[in-house]
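Undergrad: Build me a structure from this.
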Amino acid sequence: MIEISVVVPVYCCADCLNALYKRLKTVLKSLVPSFEMIFVEDCGRDNSWDVLTEIARQDKTVKVYRLSRNFGQHAAITAGLAQSSGNWVIVMDCDLQDPPEEIPFLYEQAISGCDIVLAKRIQRQHSLFKKITAQLYFRVLNLLSQNKLEGNYGTFSIISKKVVNAYLTMNDVNRHYLFILQWLGFRTTAIEYNHTQRYSGKSSYSLSKLFKHAFDGIFFQTTALLKSIVYLGFIVAFLGILLAIYYVYQYLIHGSLPGWTSLSVLILLIGGFTIISTGITGLYIGKVFEQVKNRPQYVIDKQIVDGIEA
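TA: Here you go, the predicted structure:
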């Protein structure tokens, strides 16, 4: 039986991989008698697959998988979890901002009786803009979904085999690792750690990708926005009725009024609200369409297990 599996989604991080592998193996050898390291290469543009191939052929505790195209970080995490066989599974990024040396602290909390142990960053080694936008994003998301998810948590965590099995039953197309863990429940705790500088290179999340990720999270992790539109629609309709009564009253008492400007403004406001609400509803319908197609969340192109490529 394998005690710990480590799942690492990899994208354009070739310069980090050898250092990550060596540090991971040093920590795991001193911690548990049996372990495996699972790297899922998300079809990046660099030579990460070549580096992983060399590592996997020299060490049979390493399994590497390459996806057929770029499916995204959370799909790569799902692929790694599906291939894991450990009693406990650690999920972490490949850029070494999450130090492998923190794994013993995660494991200690896990075996004390917790199914999920998250790692909370004491300080984030990101730009001020990214810190502010991350805090704003989680505030808006928590307001809409009535959750209490903080922006200082990342994917760095350890989960039990029971949680892995439950996670893999989730077929959401728009996946988010932390949101799914929170929905699943189970006994959860957290440790604090120092978020370190990136080992090399820069984040693969461009500004446009971050906005898309935030957009998907806010819109498609909860239906609260649709409910808000319904409530706002009732308010607009109620105000419209009051305004209609007022105009009828003015007509009966004072005759017709010039009020074309106010009427134009009202038409533009109500028309804008109608277009926006219809557009948001259409986005939800589009996501439903993506979900009901029931396509696989990822496709594995190549793999190396026990030093053998397939």
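Undergrad: What are the boundaries of the strands in this protein?
TA: Under the criterion DSSP state E, the chain contains strands at 4-10, 35-41, 62-67, 88-91, 116-121, 153-160, 188-193, 300-305, 308-309.
Undergrad: Out of the ones you listed, the one nearest residue 273 is which?
TA: strand 153-160 (35.4 Å; C-beta to C-beta). For glycine as for every other residue, the C-beta is placed from the backbone atoms N, C-alpha and C.
Undergrad: can you list contacts of the closest one?
TA: 73, 77, 87-93, 98, 102-103, 106-107, 109-110, 115-121, 167, 177-178, 181, 186, 190, 193 (C-beta atoms under 8 Å, 6 or more residues apart in numbering).
Undergrad: That one vs strand 116-121, what angle?
TA: 150 degrees (axes from the mean of the first three to the mean of the last three C-alpha atoms, to 10 degrees).
Undergrad: Tell me the neighbouring strands of strand 153-160, and mark each as parallel or antiparallel.
TA: Sheet partners assigned to strand 153-160 using DSSP bridges are listed as strand 88-91 (antiparallel), strand 116-121 (antiparallel).
Undergrad: That strand vs strand 4-10, what angle?
TA: Computed by the same axes, to 10 degrees, the angle separating strand 153-160 from strand 4-10 equals 150 degrees.
Undergrad: What's the local residue count around residue 5?
TA: The number of residues packed near residue 5 is 25, by other C-beta atoms under 10 Å.
Undergrad: Tell me who's in contact with residue 161.
TA: Going by C-beta under 8 Å, 6+ apart, the list of residues near residue 161 reads 86-89.
Undergrad: Could you work out the most separated pair of those?
TA: 87 and 89 (8.5 Å).
Undergrad: Neighbour count for these two, which is higher?
TA: Of the pair residue 87 and residue 89, residue 89 is the one with more neighbours under other C-beta under 10 Å, namely 25 against 18.
Undergrad: pLDDT score for the more buried one?
TA: pLDDT recorded at residue 89 is 95.
Undergrad: Spatially nearest residue to it, not counting backbone neighbours?
TA: residue 5 (4.7 Å; C-beta to C-beta, 6 or more residues apart in numbering).
Undergrad: do residue 58 as well
TA: In space, residue 58 is closest to residue 307, 7.7 Å off (C-beta to C-beta, 6+ apart).
Undergrad: and what of residue 111?
TA: Excluding its sequence neighbours, the residue lying closest to residue 111 (C-beta to C-beta, 6+ apart) is residue 88, at 8.0 Å.
Undergrad: And the pLDDT for residue 92?
TA: pLDDT, residue 92: 91.
Undergrad: one step back: quick check: neighbours shared by residue 87 and residue 89?
TA: By C-beta under 8 Å, 6+ apart, the residues touching both residue 87 and residue 89 are 4, 160-161.
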